[in-house]
Structure formats: structure tokens, C-alpha cells
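In: I would like to see how this sequence folds:
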Amino acid sequence: MASLSCFNTPISGTSQVPLKLGDQSPNPHVTSRNLSFWRLGSRFCQPGFVESYLRRSNVLKNSNQVEASINCTQISDVPLLSCSEAIERLRTIRESYKSKQQYLAMYSSIFGGITTDPAAMVIPMDDHMVHRGHGVFDTAAIMDGYLYELDQHLDRFLRSAIMAKIKPPFDRETIRRILIQTVSASKCRKGSLRYWLSAGPGDFQLSPAGCHQSALYAIVIQDQSPSDHKGIKVVTTLIPIKPPQFAIMKSVNYLPNALTKMEAEENGGYAAIWLDNDGFIAEGPNMNVAFVTKEKELLMPRFDKILSGCTASRVLVLAESLVSEGKLQGIRVGDVTLEEGKRADEMMLIGSGVLVRSVLQWDEQIIGDGKEGPVSEALLNLVMEDMKSGPSTVRVPVPY
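Out: Next comes the predicted model:
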């Protein structure tokens, strides 16, 4: 086992925490302890590793700008607001900026109903999902007035709640009915429904023992961004992958996922890809990956250490028709090496947000011929058709 001698000094034993990431002589104990080294282990002990990662992520070069911004920010008289004044200010702020996403309806078990006023779509600060990350979530697409794979997503949602030791405030059928009614109230016929289970509000302690009851939240989102199915570039992330216990749970702890997405964008990519502790290809920040081998086999990493994607699982079923048509020779779920992935004829990202999107370049490696592949395109069409006219097992009607 690699030596962890560089982490021997406890944080409590350090007298000062460096404020500038760009300092020439940062305290290595403090810097290292504030970074996760679950997967990378002793790599964080290696000289220059942290600095190299921070430079790649544009942290060091932006630190002076951030410090200057903080120094020039001054707060004078802070007003004391009534509840109505605070809500009105929140409404004004929301109306002052344009977003491609509109929030059409929200359900909260805290106030026991649905609101269509975005200014009222709030949750308590002492909810343990807010200050401790003790919550789980899931998302279902809304297409032509139907919820796509609602039951599949709801099953995963409740499995995640069990793993997070959150007892839902209602039974499964009641939660399902609430979610459908929330979409109905929104009048949204194309968008997404996102929903959360939290340990609930109660206090700012670490344990949820003081929480009165778990909480259910749901919000309907209408995204007005134009659909984009053009091929993209991905990079291999330097962010440590989550341990399997947390990777297979869809919890609200998406900081690692957000950092990988930022890392990709800072390096000219769309998303970053994780490798597992054995070096096999794992997943993207919020989507699965799949490949078409030179033998025309659809290959997808196994789900035992990563999140089991509902869209990816559905793609494995829909792909059987391509085998029947001779466009694929087979379908396989298993370990995929980095070399196998980069020399594949096709690579794609699969998830409820992207559906199926071709990857044309991974790091410096061009995938296949550098163009969107025929299997990726065929799978995208199958998913889109499934969303519009699939069986009742994947399409739940919403009464408007």
C-alpha cells in the first residue's frame, strides 16, 4: 500500500490555512487534506501533482482575479426585510436575468402543495439536503404530455433513498401520483420533471435525528435550449471517481460531477470521462458511455460500480432491433479498457439529458473516422421514437 506519510499532520495542528492557491510555499498538509484522494491515493503526495491539476482547471491562474473581486466588494447598510419583502426581492431578481430554463410548477411536502410561482419555489435552509447533502434525486423526461420511464426512474429513486437511509414521507403510489399531478399543474408537455427526497429540515446538526420528517420536492423544468446532436469532444478527468457505494446512488452530492464538467469545458470538451480504480472506463458526469467495436458489437461498461442509467438500460433493449437488422453483431456489458474505448469505431454518451450523442474525439484521439457514426444515429432515432410512441411500460400519460 502506498505511503500516506504526507498526510500525518492533522488539520487541527496547523496554525494557518493559506488563502492564496498561488502561494509559492503552500502548506502541503492543508492543501492535500482539502482534496479527495480516495482513488488517486499517493498521487496527491507526488510533488507538483496538485499544482498541475489546479493549473489545468484554471484555478491558479484565476485566483488573483477572485481575490481582487472579493476585495472590491463592499457591503454597507443591510436592510431588515419582512417575509413579503424578501419574496418580492426574489421575484425581482428572477425577472432580472434571462434563463433558458423556466420553472413551471413545484411540489413541496413542507408546505403540502404545488405552486406555479417561481419566487415561492424554495426549500428551508435547515433542510439537511442543503447543508449536509443528505438527499437523493432523479429525473424523468416529459414528451408530448407523457412522462418517459417514470416508473423506472422512480424505482431507482427509491433504491437510492434506501441506500441514503431516508424513509420517504409517503408510499410509492402516493409519490407517483404527486409527481404526475405536479406535471399536470405545470401544463408542460415537453420538458423534464426533477424530484428529490431529503432527510428533511430540523436543525444544522450532522445527524438527521433532529429532523421532523423527510421531505419530498419536485419541480417541472421547461428548457428552451435548441436540441443539439452534433458530435462532441470528451477528456479524461483528473477528478477522483466516487467510491462504488456512492457512485451507484443518485445522491445530491454532485460536486465531483460538476468539477469534471467544468474541467472538460476548460479544456475544449463537452464532458469528462471517469476511469474506475482498476483503470476501466466508468462513466461521464451525468451520463453513461457506450462504444461500437470494430467487430460491430455494442459495448457498455458494467453498472456494478457506476450509476445504472435508465436511458442506457433502455438503449440496450432497443439495440436488439439493430442486431436483428444486421447493423450490430451483438450487445455486451462488461469491462472496457481505455485502449478499447479509444480505438472503437464509435463512441457515444447516453443519458436522459443528451439521449444519445456521438463522441468524435477523446483527449487527442479521434474516434473512428471523426464523424457521427451510423449506430449512434440509429440509437438516437430509436430513443426519440420510443419517447413519442413507445409502449405503456415507458410512457405514462399526464392528465391536463
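In: helix, strand or coil: sort out the spatially most central residue of the chain for me.
Out: The residue lying closest to the centre of the chain (Cα atoms, centre = their mean) is residue 286, at 4.1 Å. Put simply, residue 286 is coil when judged by DSSP: H, G, I helix; E, B strand; the rest coil.
In: quick one, phi/psi of the residue of the chain most remote from its centre?
Out: Centroid-distance maximum for the chain: residue 77 at 38.5 Å, with Cα atoms, centre = their mean. Here is the backbone geometry of residue 77 (degrees, to the nearest 10): phi -70, psi 120.
In: kindly report the same for the one 10 residues further on.
Out: Backbone torsions of residue 87, given as degrees, to the nearest 10, read phi -60, psi -40.
In: would you confirm that it contacts residue 120?
Out: Yes - using Cβ atoms under 8 Å, residue 87 is in contact with residue 120, at 7.1 Å. All C-beta atoms are positioned from the backbone trio N, CA, C, and that covers glycine.
In: show me what contacts the residue nearest to the centre of the chain?
Out: 254, 257, 261, 351, 353 (Cβ atoms under 8 Å, 6 or more residues apart in numbering).
In: tell me the pLDDT of the residue nearest to the second one when sequence neighbours are not counted.
Out: Translated: residue 257. Computed as Cβ to Cβ, 6 or more residues apart in numbering, the closest residue to residue 257 that is not its neighbour in sequence is residue 285, at 4.1 Å. Predicted confidence (pLDDT) for residue 285: 97.
In: burial measure for residue 285, as a count.
Out: 23 (other Cβ atoms under 10 Å).
In: let me know whether it touches residue 265 as I believe.
Out: No - using Cβ under 8 Å, residue 285 makes no contact with residue 265, being 10.7 Å away.
In: pretty sure residue 114 sits against residue 106.
Out: Yes - look at residue 114 against residue 106 with Cβ under 8 Å: they come within range, at 6.8 Å.
In: so between these two, which is more surrounded?
Out: residue 106 (25 against 18).
In: still on that earlier bit, what do residue 114 and residue 106 both touch?
Out: With Cβ under 8 Å, 6+ apart, residue 114 and residue 106 have common neighbours residue 182.
In: in stretch 315-333, what counts as buried?
Out: 315-316, 318-319, 322, 327-328, 331, 333 (16 or more other Cβ atoms under 10 Å).
In: can you tell me which of the residues you listed is closest to residue 82?
Out: For these, the minimum distance to residue 82 (Cβ to Cβ) is 51.8 Å, reached by residue 315.
In: dump the residue contacts of the closest one.
Out: Residue 315 touches 290, 350, 356, 379, 382-383, counting by Cβ under 8 Å, 6+ apart.
In: same thing with residue 301?
Out: Counting by Cβ under 8 Å, 6+ apart, residue 301 has contacts 280-283, 288-289, 333-336.
In: next, count neighbours for residue 201.
Out: 22.
In: report pLDDT for it.
Out: At residue 201, pLDDT is 98.
In: now swap in residue 95 and tell me
Out: At residue 95, the pLDDT value in this model is 88.
In: residue 35 now?
Out: 36.
In: not counting sequence-adjacent ones, nearest residue to residue 212?
Out: residue 202 (5.2 Å).
In: go on, residue 113?
Out: Spatial nearest neighbour of residue 113, chain neighbours left out: residue 107 (7.1 Å); criterion: Cβ to Cβ, 6+ apart.
In: domain assignment for the protein?
Out: For the chain, the structural domains run 17-67, 99-223, 232-389, going by automatic domain parsing.
In: with distance to residue 400 added, can I get those domains in JSON lines?
Out: Putting those into JSON lines (distance: least, Cβ to Cβ, whole Å) gives the following:
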{"stretch": "domain 17-67", "distance to residue 400": "45"}
{"stretch": "domain 99-223", "distance to residue 400": "6"}
{"stretch": "domain 232-389", "distance to residue 400": "17"}
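In: select, out of these, the one closest to residue 82.
Out: domain 99-223 (14.4 Å).
In: measure that closest one end to end?
Out: 9 Å (Cα to Cα, to the nearest Å).
In: how far does it sit from its chain's centre?
Out: For domain 99-223, the gap between its own C-alpha mean and the chain's C-alpha mean amounts to 15 Å (Cα atoms, centre = their mean, to the nearest Å).
In: what of stretch 82-102?
Out: Chain-centre distance of stretch 82-102: 25 Å, with Cα atoms, centre = their mean.
In: then stretch 233-246?
Out: 12 Å.
In: equivalent analysis for stretch 282-295, please.
Out: 16 Å.
In: buried sites along it?
Out: Applying 16+ other Cβ under 10 Å to stretch 282-295 flags 282-293 as buried.
In: for the protein, just list every one of the helices.
Out: For the chain, helices defined by DSSP state H occupy the ranges 28-33, 49-56, 59-71, 83-96, 128-131, 150-163, 172-186, 244-247, 255-266, 310-318, 320-324, 338-342, 374-389.
In: name whatever forms a beta bridge with the spatially closest residue to residue 342 that is not a sequence neighbour.
Out: Of all residues not flanking residue 342 in the chain, residue 365 sits nearest, at 4.4 Å (Cβ to Cβ, 6+ apart). Assessed by DSSP bridges, residue 365 has beta-bridge partners residue 362.
In: what's the burial count for residue 365?
Out: 12.
In: just residue 234 next, same as before
Out: Neighbours of residue 234 (other Cβ under 10 Å): 22.
In: pLDDT wise, what is it at?
Out: 98.
In: list the residues that contact it.
Out: Residue 234 neighbours (Cβ under 8 Å, 6+ apart): 264, 269-273, 284, 347, 349, 359, 361-363.
In: pull out the buried residues from the residues you listed.
Out: Buried, going by 16+ other Cβ under 10 Å: 264, 269-273, 284, 347, 349, 359, 361-362, out of the contacts of residue 234.
In: didn't residue 281 look like it was pressed against residue 273?
Out: Yes - counting by Cβ under 8 Å, residue 281 does reach residue 273; the two are 6.6 Å apart.
In: joint contacts of the two?
Out: Contacts common to residue 281 and residue 273, judged by Cβ under 8 Å, 6+ apart, are residue 289.
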